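A.B. asks: Sequence and predicted structure, then a few things I'm wondering about:
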Amino acid sequence: MITVVLLGKLADVAGAPSLSLQGPLDWAGLKAALPDTLAEALGDPRNRVALNGALIADTAALQAAAGDEIALLPPVSGG
Amino acid sequence: MSPRPPMRDIRLLDQPFLPGMLIGPFTQANKGLGGVCTFVGEVRFDQGVEALELTHYAPLTLPGMHALATQAFGRFDLMGLLMVHRVGMMRPGEPIVCVSAAALHRRDAIDAVDFCMDHLKSAAWFWKREKRAGEWRWVEPREADHSDLARWHDPI
């Protein structure tokens, strides 16, 4: 399974702080596997994505397999 | 006397803390300093705010604070830097952040704290929500935080 960690308001949209999805997944596959409201919220270009704790520059390059952790990071509100 | 490596104390805390308990030992640990500057931020008593919750993403948040400390050491002439940030649930009046810098000269200490705070307030990996009248609401990024950050990136 792939763990999808949801930060900030994306956790509210998902109704949970994390989800488990069947892999492998690329960006289009991830969006298709997520609830519609969450997939829609990911359209905000200010969101960032991390794979196994490292930010990825381009979501088009996302390739996640079983055991990986994807984090979906909305704009930070700062400390 | 051989030069001592700079002292760096960077922490995320999930429990309330007393800044004085950190600042005293930090100051003592930087023997020979010319100045120490400390900023403590507390959860404001904004109208109707009952609680504040800060979430973070462990793989990014603390490493990001360390990267910020490295930038501060590169930019200012520092002997030591303390950067402590709360996560979790807080009440108004509780300390949320403490940054302290020790240096031979005051300007480096003061500017380093200002630099770290502007970056923590706008670019650090924290998500904040506040509770008013029993309802939680996410806090959106503030434009002022981004203009504060831009002060450090003006072309020379």
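C.D. replies: Received it, and whenever you're ready, just let me know what you need. Computed from a predicted model, the values in this text were never measured in an experiment.
A.B. asks: Nearest residue to the closest residue to chain B within chain A in space, ignoring adjacent ones along the chain?
C.D. replies: Residue nearest to chain B within chain A: A:Gly53 (2.9 Å; C-beta to the nearest C-beta). To be clear about C-beta, it is placed using only N, CA and C from the backbone, and glycine gets the same treatment. Once flanking residues are discounted, A:Gly53 sits nearest to B:Pro59: 2.9 Å by C-beta to C-beta, 6 or more residues apart in numbering or on different chains.
A.B. asks: gap between that neighbour and A:Asn52?
C.D. replies: 8 Å (C-beta to C-beta, to the nearest Å).
A.B. asks: who's more crowded, the two?
C.D. replies: Between B:Pro59 and A:Asn52, counted using other C-beta atoms under 10 Å in any protein chain shown, the more crowded position is B:Pro59 (17 against 13).
A.B. asks: secondary structure element for the more buried one?
C.D. replies: Using DSSP states H and E, B:Pro59 maps to helix B:58-75.
A.B. asks: near chain A, which residues of chain B?
C.D. replies: B:41, B:54-55, B:57, B:59-60, B:85, B:96-97, B:120-129, B:138-142, B:145 (C-beta under 8 Å from any C-beta of the partner chain).
A.B. asks: Bridged to the spatially most central residue of chain A, which residues?
C.D. replies: Centroid check for chain A by C-alpha atoms, centre = their mean gives A:Leu72 as the closest residue, at 3.5 Å. Beta bridges link A:Leu72 to A:Leu6, A:Val49 when assigned by DSSP bridges.
A.B. asks: and it, what does it touch?
C.D. replies: A:Val4, A:Val5, A:Leu6, A:Leu7, A:Leu10, A:Leu42, A:Asn47, A:Val49 (C-beta atoms under 8 Å, 6 or more residues apart in numbering or on different chains).
A.B. asks: Closest to B:Leu18 out of those?
C.D. replies: Nearest to B:Leu18 among these is A:Leu7, at 28.8 Å by C-beta to C-beta.
A.B. asks: Number of residues surrounding that closest one?
C.D. replies: 23.
A.B. asks: end to end, how far does stretch B:29-36 reach?
C.D. replies: 11 Å (C-alpha to C-alpha, to the nearest Å).
A.B. asks: go on, stretch B:89-105?
C.D. replies: Start and end residues of stretch B:89-105 are separated by 37 Å (C-alpha to C-alpha).
A.B. asks: just stretch A:23-30 next, same as before
C.D. replies: Across stretch A:23-30, first to last residue, C-alpha to C-alpha, it's 9 Å.
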